[in-house]
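1. here is a sequence together with a model predicted from it:
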Amino acid sequence: MKALRSLLVALTIAGFVGPPASAQDLGLPVGSMAPTATLEDLQGKPVNLADVIGKKPVVLEFWATWCSNCKELEPAFLAAQRKYGAQVAFYGVAVPINQTVERVRRYVEEHRYPFPMLWDRRGDYAGAFDVPATSYVVVIDKSGKVVYTGIGGKQNLEAAIQKGL
């Protein structure tokens with residue numbers, strides 16, 4: 001059932017089924033407390049997101065190396081990180097769908113991202129956020145509450161991050 005829902009969401013976003021869903025209607029509801037977890041960095045070392053979530057604003061992007069929407073969103077994500085990186089913790093969360101940690105590591109080394117990239121080995125963290133597709137962005141305020149969710153390559157990250165400050 002969840003796989004079917006994910007497929008329908010992906011087809012809807014791509015424009016193949018009905019009108020596009022509102023980003024705020026997908027995934028973990030806005031106003032929810034953000035789940036925390038211990039993920040791995042790309043070298044396999046644990047990173048406990050409870051160390052930042054609930055202490056400062058956080059921006060997460062669930063992404064993949066093969067995701068065209070992620071590539072389209074990348075310039076805006078990098079610009080937001082440059083502008084707000086001192087106030088907000090940015091993380092890329094690589095999902096394990098059709099990619100390996102080695103492939104992600106090579107991609108990240110090639111692109112030299114200025115924020116931590118994490119590996120969601122079994123997809124448990126993506127599941128906790130009910131991530132509908134890659135290029136899914138979550139903004140969490142300093143109290144740990146989800147204030148924005150969005151999907152796709154054309155998100156207004158500036159406005160989304162303002163909600164978290």
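-> Arrived safely. For clarity, every value in this text was computed on a predicted model and none was experimentally measured.
2. distance of E102 from V146?
-> Separation of E102 from V146 (C-beta to C-beta, to the nearest Å): 31 Å. Yep, even glycine has a C-beta here, placed from its N, CA and C like the rest.
3. flag the shaky bits of the protein, pLDDT-wise.
-> Counting by pLDDT under 70, the ranges of the chain that qualify are 1-25.
4. try 90
-> By pLDDT under 90, the weakly predicted segments of the chain are 1-28.
5. surely W66 is in a helix?
-> No - applying DSSP: H, G, I helix; E, B strand; the rest coil, one finds W66 to be coil, outside a helix.
6. confirm that A50 sits in a helix.
-> Yes - assessed with three-state DSSP, A50 lies in a helix.
7. for the residue lying closest to it once chain neighbours are set aside, give me its contacts.
-> Distances taken as C-beta to C-beta, 6 or more residues apart in numbering place T36 nearest to A50, at 3.9 Å, with adjacent residues excluded. Each residue near T36 by C-beta atoms under 8 Å, 6 or more residues apart in numbering is listed here: 48-50, 53-54.
8. try it again with 7 Å
-> Counting by C-beta atoms under 7 Å, 6 or more residues apart in numbering, T36 touches 49-50, 53.
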